[in-house]
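Chemist: Requesting a structural model of the entry that follows:
(chains A and B)
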2 protein chains.
Amino acid sequence: MGRRTSAQIQYRADQIKQSVLRKLKRLGERVLSDLESGRFPEIHLPARTTKNIVYDPELRQYVLGRKRVERTTKNVRHLRPFAQLLWVASFAKQLLTTGKTSTLRDTYYVAIGEGIDFEDQKESDDTIVELETLIDSPREDFNIFPEERASIYGDLVIEYTVPGFRGKRVDLSSHPDGYAIGPALTTAEFVRCGAEMLFVIEKGAVFSRFVEEGADKKYKALLLHTAGQSPRNARKLIRRLHEELNLPVYVFTDADPYGVHIASVLIHGSALSAHIKEINVPDAVWAGVWASDITRYKLPSMKLTDQDIKRLSELEQDPRYQADPWRRELKEFWRIKRKAELEAFSRYGLDFIVKEFLPERLAELQKR
Amino acid sequence: MGRRTSAQIQYRADQIKQSVLRKLKRLGERVLSDLESGRFPEIHLPARTTKNIVYDPELRQYVLGRKRVERTTKNVRHLRPFAQLLWVASFAKQLLTTGKTSTLRDTYYVAIGEGIDFEDQKESDDTIVELETLIDSPREDFNIFPEERASIYGDLVIEYTVPGFRGKRVDLSSHPDGYAIGPALTTAEFVRCGAEMLFVIEKGAVFSRFVEEGADKKYKALLLHTAGQSPRNARKLIRRLHEELNLPVYVFTDADPYGVHIASVLIHGSALSAHIKEINVPDAVWAGVWASDITRYKLPSMKLTDQDIKRLSELEQDPRYQADPWRRELKEFWRIKRKAELEAFSRYGLDFIVKEFLPERLAELQKR
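Modeler: Residues are numbered from 1 along each chain as shown, chains lettered A, B, ... in the order given. Modelled structure (predicted):
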C-alpha cells in the first residue's frame, strides 16, 4: 500500500459508527411510531437456536438459518426482554455518542445501576447478543469490547481514530514485546505496511521466539499473538489485515484438539458467533503444528487425555472438519493418540522453529 | 528524573548479566577444580521446604531460613539432579551469551533434545528454581521469562537493552491499549518519566476505563495491567518503577479472596518465591476494592462460594494478613460473606470509578 496522508483517510470506524447509529435510530423510530399509533411494538429477529445454526459452505462459516422469532409487547411475557433489549440499544447509542467503550461485564453493572433488572450477567450478555443479531453488527461496532488482549508486532503504521488519540500514529515495529490489541488498535486505520503476510500465533513464548529470531524481517511478516483462543476484536483485526492489506494469513497452534479448534474458529468462525459475519478469515491457512508433524519431526509428545479424546469426537462430527487438512489431521490424532506443543520444536534448539520448520512449512503451503 | 542521554546510561541489564555470568563461572570452576583434584563435587544450597520458608517482618517478605541441603556426587542418588542442575546452569550461560530468551517450557524441550532426562516439565522447572536459589538470582536475570504478559501505559520513555533494539527508545504514552511487558520492556532503562505514581490494576476492563477517563493525566500516573495474578517479570518492573523513579504504587483488585491475594503477593511476595528477593514492593498500597467498600459504596455483590470461604480461612492463618488493612478487611469478608468486582463501580456510570472513587480513596490513603 502507498503511504496515505491523514487528509486522505476516511475513517472506517466513523462510517461504522454512523451506520450503527442509523440502525439504532430506525429501531427506536419503529417502536415510537407503533406506540404513537396505538399499536403494540414488536420486533422480529433471526432465531439463535442450535437448530437454526447452519454451516454455509459458500461463505465458509456458520450462519443463522431462516427461522425467526417474534418479540411482541402484546405478550406480557415478552415485555421484560423487550424492555431490556431497548435499554441495551440506548446504552449502545450512548457509548457511540460519548466515544466511551465498555465490556459485557461493565454493561451488566451499568444496567443494574439504572434499575434494569437482569437476573445475572448471563441475561445481560444474551441481550447484547440479541442486539447484535437484530441490527446485524458485532458489539465491538457499538463499543462493547472483550476484556482479553491479543497483541501484535511488525512493520505496520497505524493511525488512531479514538478520542484523545485521533490522527496520532504509531509504528507497530517499535516495541518487540507487542502492542496490546484493545479498542484503540482495533478501530485504527492502516497507514503504511511493509509486511507481506501475517503469522497468527497461539503461544506467547513462540511469539517471542519469532520476534527474537527475526521472523518478521525474514518473511516480511506481521506477528499476532492470540494468547489462546483469540478474542473477537483480534479476529476482526486479522480479517481487516487480510482484506484491506491483502496479507495471506498463517495460523500456528499447538497440535492438540484445542489448538485445532483455535485455528478453525479463526478460519471458519464459531457456532456461537453464527449471527455475526466477517470476523473469520476463510482464506487463512492452518500452518501447524499438525498431528502428522509429531511423527514427521519426532516431536516430544504427550498422550491424549480422556478430555482430549472426547473433544476429538466432537470435532469429527463438525462440518468444518470434513475437508483436508482437518480431516486428515483428525485421523492422524486418532492413529497416534498423542499431542504436542508449538514449543516442542525447541528440542532441536531455540531457533529451529523459525530457521527450519517455518521455511519448510511455508514452501509446502505455497506450492499447493 | 532528568532526561538522560544514551551515553550516560550504564545499562542495568548489562550489569546483571555480567554478575550472573560471574556466578555461573564460579559454580563451574568449583566443580571443575573438585574434579581435577580428585574430589567428589558437591554444592550446598538453602532448603526450599515449607518448614524453611519464614516470613521476615523486617524485609516484609517471605524468605528462606538457615536450613541448607547438600548435593554431593558421592551419593549416587544425587548424581542425576546434580547433572541436571549443571545443564541448566550451562543453558543459562548460553542464553546470556547469545542474548536469546526462553521460558520454563521451552527450556524443558531444549533439555529433552539434548538428552537430559527430565521426567516431566515439573522436574525441569524445579531444577531452574534450584539454580535461582543457588546463585541467588531470579530466572529472568538469566533470560528465562514467563509466557504471560502484563501491559503498561503512561508518561514514561524507555530505552531498550535487548539485541536488535539496543539504544532505541519508545514513549509508553503512544499506545493507549498498552505495551505488552515481555523481555524487552522488563530489561529496558527508564529515560524520562513525567508520572508521579503507579496504578497497578488487576482487570483489563478497568485498565481501559482508567485510560479512557484520563486517570493517567489527572493523577500523573502510569497504568499497569496485571491480567490477574501478576507475572513475575511485571512484579520486578513494578519494583523498579518504585525504586528507580520513586513512584508510590497503588494496587487495585477485585474485592474477593483472590483479589486480596493478588495485591498481597505484589506487596509481600509469595511463599513460592521466598528464595527470590526484591520482586515484591513492601511499600505498595492496596487501594481497593475492599470488603468494606461493598457496603460503603453499595456495590452489586455476590455471595462468597465455598471455595472463597476456604481460601479466606487459609489467608487468615497467613502472617501477611495479621496487620490492617488486611486483617480488618478479612474480618469484613467474614461478616458480610459477599464479594464484588472492580467493575461494580459502573453501577454509578462508567466514569464513577475514576471521577469519584479514585480521588476519595487516594485522599484517604495519602492522609495516613
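Chemist: Which residue comes closest to residue A:226 once chain neighbours are left out?
Modeler: In space, and not counting its chain neighbours, residue A:226 is closest to residue A:150: 4.9 Å by C-beta to C-beta, 6 or more residues apart in numbering or on different chains. Glycine gets a C-beta too; all of them are placed from N, C-alpha and C.
Chemist: wouldn't that neighbour be in contact with residue A:223 here?
Modeler: No: the pair residue A:150 / residue A:223 is not scored as a contact, 10.9 Å apart, by C-beta atoms under 8 Å.
Chemist: For these two, indicate the residue with more neighbours.
Modeler: Remark: of residue A:150 and residue A:223, residue A:150 carries more neighbours, 29 against 25, as counted by other C-beta atoms under 10 Å in any protein chain shown.
Chemist: what are the phi and psi values for the more buried one?
Modeler: Dihedral pair for residue A:150: phi -80, psi 180, per degrees, to the nearest 10.
Chemist: Tell me what it is bridged to.
Modeler: Taking DSSP bridges as the rule, residue A:150 bridges to residue A:181.
Chemist: How about residues contacting stretch A:192-202?
Modeler: Identification of contacts with stretch A:192-202 by C-beta atoms under 8 Å, 6 or more residues apart in numbering or on different chains yields A:1, A:3-4, A:154-157, A:207, A:210, A:215-216, A:219-228, A:230, A:238, A:241-242, A:245, A:247-254, A:259, A:262, A:266, A:284, A:287, A:342.
Chemist: PyMOL command for the buried members of those residues?
Modeler: Here is the PyMOL command that selects the buried residues among these (16 or more other C-beta atoms under 10 Å in any protein chain shown):
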select buried, chain A and resi 154+155+156+157+207+210+215+216+219+221+222+223+224+225+226+227+228+230+238+241+242+245+247+248+249+250+251+252+253+254+259+262+266+284+287+342
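Chemist: Alongside chain B, which residues does the stretch 1-150 of chain A contribute?
Modeler: A:100-103, A:105-106, A:109-110, A:112-113, A:145, A:147-149 (C-beta under 8 Å from any C-beta of the partner chain).
Chemist: in the lowest-mean-pLDDT helix or strand in chain A, what counts as buried?
Modeler: Least confident helix or strand of chain A, by mean pLDDT, DSSP states H and E, is strand A:53-56 with a mean of 86. For strand A:53-56, burial by neighbour count (16+ other C-beta under 10 Å) applies to A:53, A:55-56.
Chemist: Need these in JSON lines (columns: distance to residue A:93).
Modeler: Output for the buried residues of strand A:53-56, formatted as JSON lines (distance: C-beta to C-beta, whole Å):
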{"residue": "A:53", "distance to residue A:93": "29"}
{"residue": "A:55", "distance to residue A:93": "34"}
{"residue": "A:56", "distance to residue A:93": "31"}
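Chemist: From chain B, how far out is the nearest residue to residue A:134 once chain neighbours are set aside?
Modeler: Counting by C-beta to C-beta, 6+ apart, residue A:134 lies nearest to residue A:45, which is 4.7 Å off, once chain neighbours are set aside. Distance from residue A:45 to chain B, counting by C-beta to the nearest C-beta, to the nearest Å: 27 Å.
Chemist: what pairs with whichever strand or helix holds residue A:45, and is each one parallel or antiparallel?
Modeler: If you go by DSSP states H and E, residue A:45 is part of strand A:42-46. Paired strands of strand A:42-46, with direction, are strand A:68-72 (antiparallel) (DSSP bridges).
Chemist: how about the strand it pairs with as PDB, C-alpha atoms only?
Modeler: Only the C-alpha atoms of strand A:68-72 are listed here, as PDB (Å, rounded to 0.1, in the frame of the first residue of the first chain):
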ATOM      1  CA  ARG A  68     -37.200 -16.000  13.000                       C
ATOM      2  CA  VAL A  69     -38.600 -15.200  16.400                       C
ATOM      3  CA  GLU A  70     -41.000 -12.500  17.300                       C
ATOM      4  CA  ARG A  71     -40.800 -10.200  20.300                       C
ATOM      5  CA  THR A  72     -44.200  -8.600  20.800                       C
END
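Chemist: residues in contact with that strand?
Modeler: A:40-47, A:78, A:81-82, A:85.
Chemist: Just the buried residues of those.
Modeler: Buried members of the contacts of strand A:68-72, counted by 16+ other C-beta under 10 Å: A:41-43, A:45-47, A:78, A:82, A:85.
Chemist: what are the ranges of the helices in the stretch 101-250 of chain A?
Modeler: Counting by DSSP state H, counting those that start in this stretch, the stretch 101-250 of chain A has helices at residues A:104-113, A:121-135, A:183-186, A:204-212, A:215-218, A:232-245.
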